[in-house]
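>>> kindly return the folded structure for what I paste below:
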Amino acid sequence: MEQQDPGTTFDDGMDSFVEKFQSQPYRGGFHESQWEEEFEKIPLFMKNSPSEIDPLENPDLACLQSIIFDEERSPEDQARTYKDEGNDYFKEKDYKKAVISYTEGLKKKCADPDLNAILFTNRAAAQYYLGNFRSSLNDVMAARKLKPCHLKAIIRGASCHLELKNYVEAVNWCDEGLQIDATEKKLLDLRAKADKLKRTEQRDIRKAKLKEKKKQDQNEALLQAIKARNIKLVAEAAGEDEDSASEGLSELVLYGLSSENPCGARLSVDDQGRLSWPVLFLYPEYAQSDLVSAFHEDSRFIDHLMVMFGETPSWDLEQKYCPDNLEVYFEDEDREELYCVPPSSTLLQVLQHQRYFVKALTPTFLVCVGSSGFCRNYLRGKKVHQPVASPSPQGMSNDNTACTCYFASNPISSIYGKK
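Take a look at the predicted model:
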């Protein structure tokens, strides 16, 4: 039997193909008005691949994907494919998708430790650029278990420790990497930066400790100065028995000495060892208050009143709050009694009174116009101790035999709550 020439057969087929299109048009060609969209559907010419591949809309792309991610391929081949896909995403700075691809590659659990180490290291790099430094560090540690001398993993781990402010660990990782390659510039730069930050951190820690020690010494000195003056302090919390309250009082006071009240004032001591207190004045008639941030213990009440009321305050519509008309009181909350404070008394004299208790390290006093009807009504029902004609060495009467006024009213603390 005579065999046909293959060339002749091909020519006949081509002639038949050409003749076919002479009789009917080709239906699969591009349209002139949509050729760019048509090109975009061909995988080879795609500028951007869709995030989700629909076989109906992109059958060619779906076919290629099924070939690339064929489950019948070996775990190593599949892991390599996911690694390459992750690298492409990484180059596009799509780090989230890169993490997903590297994770899929690790899920294949291939038997190649080097490939797994690369997948861990690459995923660590993607996590690093996402700001997930702890996850990145976990990945490079897993990579080093598979490949202890993997230099890229060591560099990435040192960078993670640097970002996490673990400067000592960062230096240690750099040293381990430099034992493998003593000329690696990235490690040399990282080590120099980490060492500098480590020294700065250690210096700051030492300075903070010295500052805290100095503050503690100052607070201890303040507490001793308060005790030496026989000034009594009380905590904010109520309901504790006397023993338990006294045990924690020193610690509470030391904490309070380090803090400021809401207006920024605090107890202080000058070069001569004299104390200045933040003092709160309450004016219940108008629900107003004043805070003297630094009331020197040797200053008299009248001196401050002269300054505070040298000009009529805006809320004193009747212009009756004049220094000569004012009366100053402090409250004994336990007994619900009031003590009148002589204007000529110093702050120290009042604080040393046997019934005065400093609360929250801020002495508090009530001020009102003595001749006003409001003052009479406000004091109604309270036992008010008036100073005797001849002040005691502390400036005030310390007995309970002074004049008492009986009226009906509420305690000061119940109106103002915490002072």
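
>>> list the contacts for Ala143?
116-118, 120-121, 124, 150, 153 (Cβ atoms under 8 Å, 6 or more residues apart in numbering). All C-beta spots, glycine's among them, are computed from the backbone N, C-alpha and C.

>>> surely it is in a helix?
Yes - remark: Ala143 belongs to a helix, assigned using DSSP: H, G, I helix; E, B strand; the rest coil.

>>> for it, give me the pLDDT.
Listed pLDDT for Ala143 reads 96.

>>> repeat that for Arg376.
88.

>>> how about it, secondary structure?
Under three-state DSSP, Arg376 comes out as helix.

>>> also Phe281?
Criterion first, three-state DSSP; result for Phe281: strand.

>>> dump the contacts of Ala143 into a markdown table; add pLDDT and neighbour count as well.
Output for the contacts of Ala143, formatted as a markdown table (pLDDT from 0 to 100; neighbours: other Cβ atoms under 10 Å):
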| residue | pLDDT | neighbour count |
| --- | --- | --- |
| Asn116 | 96 | 23 |
| Ala117 | 96 | 21 |
| Ile118 | 96 | 23 |
| Phe120 | 97 | 26 |
| Thr121 | 97 | 26 |
| Ala124 | 97 | 28 |
| His150 | 95 | 22 |
| Ala153 | 96 | 28 |
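
>>> which helices and strands sit right next to the longest helix anywhere in the chain?
The single longest helix within the chain, with elements called by DSSP state H, is helix 185-228. Contact partners of helix 185-228 among helices and strands, from 3 or more Cβ pairs under 8 Å, 6 or more residues apart in numbering; DSSP states H and E: helix 151-163, helix 167-180, helix 242-258, strand 268-269, strand 275-283.

>>> next, the angle strand 275-283 makes with that helix.
Going by axes from the mean of the first three to the mean of the last three Cα atoms, to 10 degrees, helix 185-228 is angled at 70 degrees with respect to strand 275-283.

>>> ok so, going back, which ones among the contacts of Ala143 lie within helices?
116-118, 120-121, 124, 153.

>>> distance to Gln288 for these - can I get that in JSON lines?
Listed next are the ones in helices among the contacts of Ala143 as JSON lines, based on distance: Cβ to Cβ, whole Å:
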{"residue": "Asn116", "distance to Gln288": "74"}
{"residue": "Ala117", "distance to Gln288": "73"}
{"residue": "Ile118", "distance to Gln288": "73"}
{"residue": "Phe120", "distance to Gln288": "68"}
{"residue": "Thr121", "distance to Gln288": "68"}
{"residue": "Ala124", "distance to Gln288": "63"}
{"residue": "Ala153", "distance to Gln288": "68"}
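
>>> farthest-apart pair in those, please.
Using Cβ to Cβ, these span at most 12.5 Å, a distance reached by Asn116 and Ala124.

>>> which elements pack onto the helix or strand hosting Thr81?
Per DSSP states H and E: Thr81 is located in helix 75-91. For helix 75-91, the packing partners by 3+ Cβ pairs under 8 Å, 6+ apart come out as helix 95-107, helix 113-129.

>>> what's it in contact with?
68-71, 73, 95, 97-102, 104-106, 108-112, 115-116, 118-119, 122-123, 125-126.

>>> separate out the buried members of the residues you listed.
Among the contacts of helix 75-91, those scoring as buried are 95, 97-102, 104-106, 108, 110, 115-116, 118-119, 122-123, 125-126 (criterion: 16 or more other Cβ atoms under 10 Å).

>>> still on that earlier bit, the helix holding Thr81 vs helix 113-129, what angle?
20 degrees.
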